[in-house]
Structures are given as C-alpha cells and as structure tokens.
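Peer 1: Would you be able to build a 3D model of this:
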Amino acid sequence: MMSFLDFLQRKTPEIQILELLEKHLETCIKATDLLSEAMKQKLDEKNEKANHIIEEIKKAEETADYQRREIIDKLAHGVLPPISKEDMMKLVQLLDNVIDWTDESSQMVRIIPLNNIPEHIRDLLVEQQKLANKCVHALRDTIITLYDDYEKALDRCNLVEIVEHEMDRIYTEIHEALYDTGLSVNQAILIKELADRLESVGDSCEDTADLVRVVVVTAFR
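Peer 2: As a prediction, this is how the structure comes out:
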C-alpha cells in the first residue's frame, strides 16, 4: 500500500513524460557521439575498438526504443503543453528515426574500409558525420528549450535547418565525387549507402525541428 510520503513524492505523469523525453534525447546524443568516435577509431585502423563502439550504438538504439514505448504509455495519463498528445507521439517517433539512422550509419562504418577509399571522399564523409552530430545536438537543445523559451527554441530550429542544408551540400559533393574516381561498383555503392544514411540523420532532425516550429507557432497564435 502506498504511504502518505510516497503519495507526496509521486511524480505527475507530465513530469514523468518530460524526464523520459530528456532521457530519450540524451540517448540520441550518446549514439551520435559514439558514431563520431567509431569513425575516428576506424580511420586509425583500430577496427576492434570501432566495432565495440558500434555495438554500443546498437544498445543505445534499443534503449531508445524502450524509452519511446515508455513515453507513449505515459501519454495515456497526461500531456505536456504546448505539445498535444498527438504531436508528442509524432515527436518521439521522429526522434526514434534520428537514432535509427545513426545506428544504420554505424553498420556501414563497420563494413567500409575507410582508409581504402580516396582521401577527398573520406574527408567528405567525415565532414558529413560531424555535421550530423552537430544537427542532433542542436535538435536536443531545440526540444529542451521548448519548455523554457519559445523564441530560443525557434532559433535552435533555424540552426538545425542551417546545419541540415550544409549536410545537403556535402551529400551532393559526395555524389559528384563518386563519378570522378576509379572506385569499383561495390565500393561506390557502400559509400553511397553511408552517405544516404547520414543524410537521413539530418533529414530526421529537420523533420523534428519542423514539428517543433509548428508547435511554437500554434502556441503563439
């Protein structure tokens, strides 16, 4: 039986949802930071260490799935204005896409011998991943500030969009570079797959920021 003290200390569903959302965001950050480290280790030809880090990314993706289910379960008992229940479910699913594509990118990093591809393409992939990391960090700040400062949240939405557009430029350069090298078909396909998946990380961040922007504009209307 719940004691009176337990009752007083019990958190409302709204607080529980916010705490779970913050944990979900931190899991996304952990995954993208790990991907940066995995690429670094792969470039240093420390494949065993890189593979261990990639396994950690997979665990983070599984943790995020569990956190998403927890949030959806809590939504049956409360909401967090200005986000409606429906928008919160969309938000969590979009965040899940971010970490899913991060995990998918890591699997390509595991497969591709990064040091055996042309240096200028390798540099573009590294830059693309750095921008993906920056995009996820900006997205985390966007959502966290949503409950404190609407205007700051909008500024962060704009930053996500700016970074994602820079990712688009790098993505185009990678595609152009693939036509100007003597890569085998298999190598070109693998590189394109990695570029596609990293691009999807940025696209998912932008989609999430777009939802936040709609929530903010609606709240001020």
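
Peer 1: Now do the same contact list for the closest residue to residue 43 other than its chain neighbours.
Peer 2: Setting aside the residues directly before and after it, residue 43 is nearest to residue 114 in space (C-beta to C-beta, 6 or more residues apart in numbering), at 5.5 Å. Placement of C-beta: from N, CA and C, glycine included. Contacts were defined as C-beta atoms under 8 Å, 6 or more residues apart in numbering; by that measure residue 114 touches 39, 42-43, 122, 125.

Peer 1: Confidence-wise, which helix or strand of this structure is lowest on average?
Peer 2: helix 4-9 (a mean of 39; mean pLDDT, DSSP states H and E).

Peer 1: for the protein, what's the longest helix?
Peer 2: helix 185-220 (DSSP state H).

Peer 1: related to what we said a few turns ago, give me the pLDDT value at the residue nearest to residue 43.
Peer 2: The per-residue pLDDT reported for residue 114 equals 90.

Peer 1: quick one on the thing from earlier: ok, and for the longest helix of the chain, which residues are buried?
Peer 2: 187-188, 190-191, 193-209, 211-213, 215-216 (16 or more other C-beta atoms under 10 Å).

Peer 1: any idea how far residue 168 lies from residue 132?
Peer 2: Separation of residue 168 from residue 132 (C-beta to C-beta, to the nearest Å) stands at 12 Å.

Peer 1: CA-only coordinates of stretch 64-83, as PDB, when you get a sec.
Peer 2: What follows is the C-alpha trace of stretch 64-83 in PDB, where atoms were taken according to Å, rounded to 0.1, in the frame of the first residue of the first chain:
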ATOM      1  CA  ALA A  64      15.700   4.500 -27.200                       C
ATOM      2  CA  ASP A  65      13.100   2.000 -28.400                       C
ATOM      3  CA  TYR A  66      12.300   1.100 -24.800                       C
ATOM      4  CA  GLN A  67      12.200   4.800 -23.800                       C
ATOM      5  CA  ARG A  68       9.800   5.600 -26.700                       C
ATOM      6  CA  ARG A  69       7.400   2.900 -25.600                       C
ATOM      7  CA  GLU A  70       7.500   4.200 -22.000                       C
ATOM      8  CA  ILE A  71       6.700   7.700 -23.200                       C
ATOM      9  CA  ILE A  72       3.800   6.500 -25.300                       C
ATOM     10  CA  ASP A  73       2.500   4.500 -22.300                       C
ATOM     11  CA  LYS A  74       2.700   7.600 -20.100                       C
ATOM     12  CA  LEU A  75       0.800   9.700 -22.700                       C
ATOM     13  CA  ALA A  76      -2.300   7.800 -21.800                       C
ATOM     14  CA  HIS A  77      -2.200   9.600 -18.400                       C
ATOM     15  CA  GLY A  78      -1.000  13.100 -19.200                       C
ATOM     16  CA  VAL A  79       0.200  15.600 -21.700                       C
ATOM     17  CA  LEU A  80       2.800  18.400 -21.700                       C
ATOM     18  CA  PRO A  81       1.500  21.700 -23.100                       C
ATOM     19  CA  PRO A  82       2.300  23.200 -25.600                       C
ATOM     20  CA  ILE A  83       2.700  19.800 -27.200                       C
END
